[in-house]
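*Asks:* model the structure of this input:
(one chain, ligands or ions: 1)
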Amino acid sequence: MAGRGVLLTVLVVFVLAGLVASLPLRDVIQQVTDGVRVDGSVEQFAHALLGAEKQFESFIKEFGKVYHTVEEYEHRFKVFKSNLLRALKHQALDPTASHGVTMFSDLTEEEFATQYLGLKRPSALSTAPTAEPLPTGDLPPSFDWREKGAVGPVKNQGSCGSCWAFSTTGAVEGAHFLATGKLLSLSEQQLVDCDHQCDPEEAQACDAGCGGGLMTNAYKYVEEAGGLELESDYPYKGRDGKCQFNPNKVAAKVSNFTNIPIDEDQVAAYLIKSGPLAIGINAEFMQTYVAGVSCPIFCNKRNLDHGVLLVGYAEHGFAPARLAYKPYWIIKNSWGPMWGDKGYYKICRGHGECGLNTMVSAVAANVDV
Ligand SMILES: *[C@@H]1O[C@H](CO)[C@@H](O)[C@H](O)[C@H]1NC(C)=O
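*Replies:* Residues are numbered from 1 along each chain as shown. Below is the predicted model:
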């Protein structure tokens, strides 16, 4: 019964959120101040909007935003307000996480997608060979590659759709660590500038720097080019440039890679066996994510638009008591340490949430560098 109650509340809030979001802001405020509807949810929305200017000012301060003209300020404030409503909608749909103001709160959904995502989604699910299933009988209840030293600090892709390059370097850094015990920081800019590999099954899905790419394409490129340089030798610029790869500076090599079965226990078993795994995910709830375990009620599993790195999982995520504790995955993102949970995203495990289990790959390092 309690479960149904929660669901009903959530649905009501969602419907209201949709309604409110589709109304001009002035009307919303008017309706509420006029006392036409006194309802918890509408009050909540109205409150969010009435405090919006203050929130916008502290957002500008916190994230060092600069708007050069009054028009730009006004435009960004409008976008900010609609993102406040969107965060409330996400909160209603995803009650075990916190959604609110993030560094992306002055960007429209479209701007956000072109500037901060960048996974080239193949139109059909890959038919490429998938790894053999592993035994999953005695998976540990939790596992975290960060504790074992296989994961470097969170990086920042900036406003460039190069998530796929960060997902790739993260996986290769992990594989190299597993093979050698040494954690390197590898070059994303090399991938952005030099990797134009296309998906063997889909000629249009080619790696294109800030215009997007795919991790499995990138592994293939690294294999063929001979390896990746260090971050310090080929530093990140966050924009497309001319390839300056120097084969004499290769620091890590790839020997082989494979797709992983969609079963989430298989994903866990391969995570433990092969190191951090590159995955694709639908990032819809990430623009407003602040903390907690994200477990959206609706998140399109096919709409993969972001490449990230799976580094671990844990048994119990904090959630309001009525919704119980949730096992979750730990995902390293590439939006800097200021975003989310110190740069990480926690998303619930066992439901194929946001398609996170549908584009998983593992890579192995070639150690005779
Ligand atoms: C790479 O190849 C080795 C040897 O064939 C195999 O054992 C391993 O599972 C492969 N790793 C990946 C990530 O494909």
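*Asks:* the residue nearest to Asp94 when sequence neighbours are not counted: what's it in contact with?
*Replies:* Using Cβ to Cβ, 6 or more residues apart in numbering and skipping the chain neighbours, the partner closest in space to Asp94 is Pro296 (4.3 Å). Just so you know, the C-beta spots here come from the backbone N, C-alpha and C atoms, and that holds for glycine as well. Residues in contact with Pro296 (Cβ atoms under 8 Å, 6 or more residues apart in numbering) are His90, Leu93, Asp94, Glu284, Phe285, Glu353, Cys354.
*Asks:* over to Pro296. Which of the three states is it?
*Replies:* Following DSSP: H, G, I helix; E, B strand; the rest coil, we place Pro296 in the coil state.
*Asks:* ok so, going back, give me the subset of the contacts of Pro296 lying in helices.
*Replies:* Secondary structure from DSSP state H places His90, Leu93 of the contacts of Pro296 in helices.
*Asks:* so can I have JSON lines of the contacts of Pro296 showing pLDDT?
*Replies:* JSON lines is the format used below for the contacts of Pro296 (pLDDT from 0 to 100):
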{"residue": "His90", "pLDDT": "97"}
{"residue": "Leu93", "pLDDT": "96"}
{"residue": "Asp94", "pLDDT": "95"}
{"residue": "Glu284", "pLDDT": "96"}
{"residue": "Phe285", "pLDDT": "97"}
{"residue": "Glu353", "pLDDT": "97"}
{"residue": "Cys354", "pLDDT": "98"}
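*Asks:* most widely separated two among the contacts of Pro296?
*Replies:* Across the contacts of Pro296, the longest distance by Cβ to Cβ is 13.8 Å; it joins His90 and Glu353.
*Asks:* residues near Phe143, how many?
*Replies:* By other Cβ atoms under 10 Å, the residues close to Phe143 number 16.
*Asks:* list the backbone torsions phi and psi for Ala362.
*Replies:* Main-chain torsions, Ala362, degrees, to the nearest 10: phi -120, psi 150.
*Asks:* which one is it nearest to, not counting chain neighbours?
*Replies:* In space, Ala362 is closest to Ser274, 3.8 Å off (Cβ to Cβ, 6+ apart).
*Asks:* tell me who's in contact with the one you found.
*Replies:* Here Ser274 is in contact with Ala175, Leu178, Ala362, Val363, Ala364 (criterion: Cβ under 8 Å, 6+ apart).
*Asks:* tally of neighbours for the third one?
*Replies:* Residues contacting Ala362 under the criterion other Cβ under 10 Å number 23.
*Asks:* can you pull the contacts of it?
*Replies:* Ala362 neighbours (Cβ under 8 Å, 6+ apart): Ala131, Ala171, Ala175, Phe257, Thr258, Ile260, Tyr270, Lys273, Ser274, Gly275, Leu277.
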